[in-house]
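Visitor: With the input below, show me the fold.
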Amino acid sequence: MLNITSFKNRKTTIMLCIMALLLSFNVMNAQCSLTGWKKFSQGETFSVALKEDGTLWMWGQNVNGILGNGSGTVTIVQHPTQIGTDNDWTDISVGRWFVLAKKSNNNLYGWGDNQFGNLGNGNNTAQYSPIMIAQNVKSFSAGYHHSMIVKTDGTMWGAGYNDWGGLGMGTSLGWYNTWQQESSLATNWDKVSAGYYNSFGIKTNGTLWSCGTNIEGQTGTGATGGESDVFVQIGTDTNWKDVSCGVYHVLGLKTTGKLFGWGASHDGRLGIVGAGAQYFRTPQAIEASSDYSQIATSWDASAILKSDNTLYAFGINHNGITGGTAGSTYNLAPQQVGTDTNWKTLALRVGGYHFGAVKNDTSIWAWGADNLYQLGNGDGITADSKVPTQVVCSEFLSTNEIKANESKLGIYPNPAKDIVHIKYSQNLQQIKIYNSNGLLVKLISNFDHKSTINISDLPTGIYFIRVNNEVQGFKFIKK
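Guide: Numbers count the residues shown, from 1 in each chain. As a prediction, the model looks like this:
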């Protein structure tokens, strides 16, 4: 006769084992991949991205604990590396050297630099791991040294640097390390954007408001000089969609797709043809067309996405960020970056001297400065790029320079035109060749100790060879 109690105990034990197994899967680190990217934000010398599976990743300079692993040691992360193991992140925003990220329960976390109390946690000490800093958060934005949030009740709060009144709370006291509500105590805020020394808010009625420094006209209210320590409405329009603030210039986007700019137009920051070097203290239409979908700003340059999924940039071309030759787009209209028509999402904040975007296929791309591997493009060198390069995973494209007889692996000639010789000290079971985008282009199996590979069908470029599934890859150039 079946013992019911024993059966229930066995069933309970099995269920507990299954739950433990599922839990073990949940805490395992996710795998880096070429696609599956959702959002992208760039700091001064690093990048942080959110994947569709809810995981967070970073690469570039790991300063002030950006990697979030509890260590304050400064390191260089050449390729996307997961931040922790959580997979319930829904949004991100990156400041100069700190990160804000929100989870599915609307709790906001922060980590990294905190010298001005920009994390709002009551101290001015850098945080090397994500800590919860606010609850019930609807919208949030990381500025240069301050943070702004809108809560689900429609109130707006700020913390951090306030010397120019950028928190909008009615004072210009240097900084606050706890959350301060903006002075009007309004409950109809919808979206917030923190700049360098300014902050902007859009209300549920579509009106646009600003506070902070106005030396170059950044507030957009028409006031001349000085600063505004409280939020003041910009014009009377009720169809504002988004705003992005650089150091000296601001871009604003309306729900109609019309693009506006104000502040300093020097070096083509605003993309207004013939504007020269002047200060616009109210929003100016950048072009007559109304076909823009996204905007982003850096120190003194801008990137915009059109409704046809083409990408444009303008301003000073530091390290190739505007896609052209050195210099600026002074007195020119926005310049198209490449010819691709499949861009989906601009980096939420573009870096100091590097830009980025996500394509429709959920691959992620970056260009500009790469002195600290902030492009994450797998070419194995710290070389700037004026064209978008794909962010790739280290297991595909980590490389060493190899010459014949210097290792158990020999690759020659290098560069090569039609054939490349592979000499290996062990049996060659499998050879994989990847292109510079991390895509597998050749798979060859079963060799002797010395083998010749025909590469005449490969386009000119940089390629990477992995032998017998070794983690380390080796670079060669097809000429």
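
Visitor: hey, what's residue 131 bridged with?
Guide: Residues in a beta bridge with residue 131, per DSSP bridges, are residue 110.

Visitor: What is the burial count for it?
Guide: A count of nearby residues for residue 131, using other CB atoms under 10 Å, gives 13. C-beta here means a position set from N, CA and C on the backbone, and glycine is covered the same way.

Visitor: from memory it sits against residue 108, does it?
Guide: No - contact criterion CB atoms under 8 Å: residue 131 and residue 108 do not qualify, at 10.0 Å.

Visitor: which ones are touching residue 433?
Guide: Residue 433 is in contact with 440, 441, 442, 443, 453, 455, 458, 463, 464, 465, counting by CB atoms under 8 Å, 6 or more residues apart in numbering.

Visitor: What subset of these is buried?
Guide: Burial by neighbour count, 16 or more other CB atoms under 10 Å: within the contacts of residue 433 this picks out 442, 453, 455, 458, 463, 464, 465.

Visitor: Mind putting these into CSV with distance to residue 31 and pLDDT?
Guide: Formatted as CSV, those follow (distance: CB to CB, whole Å; pLDDT from 0 to 100):
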residue, distance to residue 31, pLDDT
442, 23, 84
453, 28, 87
455, 29, 91
458, 27, 90
463, 23, 82
464, 18, 81
465, 21, 81
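
Visitor: Output those in TSV, with secondary structure and distance to residue 225 appended to each entry.
Guide: Below are the buried ones among the contacts of residue 433 laid out as TSV (DSSP: H, G, I helix; E, B strand; the rest coil; distance: CB to CB, whole Å):
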residue	secondary structure	distance to residue 225
442	strand	63
453	strand	67
455	coil	63
458	coil	60
463	strand	56
464	strand	55
465	strand	61
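
Visitor: quick one: which of those is nearest to residue 384?
Guide: Proximity of the buried ones among the contacts of residue 433 to residue 384 was ranked by CB to CB; the top entry is residue 464 with 20.4 Å.

Visitor: I'd say the closest one and residue 458 touch.
Guide: No - applying CB under 8 Å as the test, residue 464 and residue 458 come out as separate, 11.9 Å apart.

Visitor: can you list residues touching both of these two?
Guide: By CB under 8 Å, 6+ apart, the residues touching both residue 464 and residue 458 are 433, 435.

Visitor: quick one: buried residues of stretch 54-61?
Guide: Across stretch 54-61, burial judged by 16+ other CB under 10 Å covers 55, 56, 57, 58, 59, 60, 61.

Visitor: hey, where'd the helices end up in this structure?
Guide: Counting by DSSP state H, the chain has helices at residues 4-26, 394-397.

Visitor: Quick check: mean pLDDT of the shortest one?
Guide: For helix 394-397, the per-residue pLDDT values average out at 49.

Visitor: And the first one, by the same measure?
Guide: Here the mean pLDDT over helix 4-26 is 44, rounded to a whole number.

Visitor: What of stretch 46-63?
Guide: 97.

Visitor: Could you list the domains of the protein?
Guide: 37-396, 400-478 (automatic domain parsing).

Visitor: Count the residues that sit near the residue nearest to residue 169 when sequence neighbours are not counted.
Guide: In space, not counting the residues next to it along the chain, residue 169 is nearest to residue 180; the distance is 4.6 Å by CB to CB, 6 or more residues apart in numbering. For residue 180, the tally of surrounding residues (other CB under 10 Å) stands at 20.

Visitor: dump the residue contacts of residue 180.
Guide: Listed by CB under 8 Å, 6+ apart, the contact set of residue 180 reads 157, 158, 159, 167, 169.

Visitor: partner residues bridging it?
Guide: Counting by DSSP bridges, residue 180 is bridged to residue 158.

Visitor: Tell me the spacing between it and residue 416.
Guide: In this view, residue 180 and residue 416 are 62 Å apart by CB to CB, to the nearest Å.

Visitor: likewise residue 126?
Guide: Counting by CB to CB, the gap from residue 126 to residue 416 is 48 Å.

Visitor: lowest average confidence, helix or strand, in this structure?
Guide: Least confident helix or strand, the chain: strand 399-400 with a mean of 41, by mean pLDDT, DSSP states H and E.

Visitor: Quick one: end-to-end distance for stretch 222-240.
Guide: End-to-end distance of stretch 222-240 (CA to CA, to the nearest Å): 17 Å.

Visitor: Go through it and flag the buried ones.
Guide: Residues of stretch 222-240 classed as buried: 227, 228, 229, 230, 231, 232, 234, 240 (neighbour count, 16+ other CB under 10 Å).

Visitor: correct me, but the third one touches residue 211?
Guide: Read that as residue 229. Yes - between residue 229 and residue 211 a contact is recorded at 6.6 Å, counting by CB under 8 Å.

Visitor: So for the two, which residues contact both of them?
Guide: Counting by CB under 8 Å, 6+ apart, the residues touching both residue 229 and residue 211 are 165, 168.

Visitor: Next, work out how far apart residue 272 and residue 245 are.
Guide: On the measure of CB to CB, residue 272 and residue 245 end up 17 Å apart.

Visitor: now residue 101
Guide: 20 Å.

Visitor: Between these two, point out the one with more neighbours.
Guide: More crowded of residue 101 and residue 245, by other CB under 10 Å: residue 245, with 28 against 25.

Visitor: just checking, that one touches residue 208?
Guide: No - between residue 245 and residue 208 there is no contact under CB under 8 Å: 11.9 Å.

Visitor: Find the residues that touch each one of those two.
Guide: Between them, residue 245 and residue 208 share the contacting residues residue 200, judged by CB under 8 Å, 6+ apart.

Visitor: What segments of the stretch 101-250 of the chain are strands?
Guide: For the stretch 101-250 of the chain, the strands defined by DSSP state E, counting those that start in this stretch occupy 108-112, 127-134, 137-142, 146-151, 156-161, 175-181, 189-194, 198-203, 208-213, 227-233, 240-245, 249-254.

Visitor: my guess is residue 366 contacts residue 379, does it?
Guide: No - counting by CB under 8 Å, residue 366 does not reach residue 379; the two are 11.9 Å apart.

Visitor: Name the residues contacting each of the two.
Guide: Shared contacts of residue 366 and residue 379, defined by CB under 8 Å, 6+ apart, comprise residue 389.

Visitor: So those two - more neighbours on which side?
Guide: residue 366 (29 against 18).

Visitor: related to what we said a few turns ago, deepest-packed of the domains of the chain, please.
Guide: domain 37-396 (a mean of 21; mean count of other CB atoms under 10 Å).

Visitor: wait, isn't residue 252 in contact with residue 270?
Guide: No - with contact defined as CB under 8 Å, residue 252 does not reach residue 270; the gap is 10.8 Å.

Visitor: shared neighbours of the two, which are they?
Guide: Joint contacts of residue 252 and residue 270 (CB under 8 Å, 6+ apart) are 261, 262.

Visitor: what sits against the residue nearest to residue 351 when sequence neighbours are not counted?
Guide: Nearest residue to residue 351 in three dimensions, chain neighbours excluded: residue 42, at 3.4 Å (CB to CB, 6+ apart). Residues counted as contacts of residue 42 (CB under 8 Å, 6+ apart) are 48, 94, 347, 349, 350, 351, 354, 355, 356, 366, 374.

Visitor: hang on, the earlier thing: for the domains of the chain, which has the smallest mean pLDDT value?
Guide: domain 400-478 (a mean of 73).

Visitor: Lovely, talk soon.
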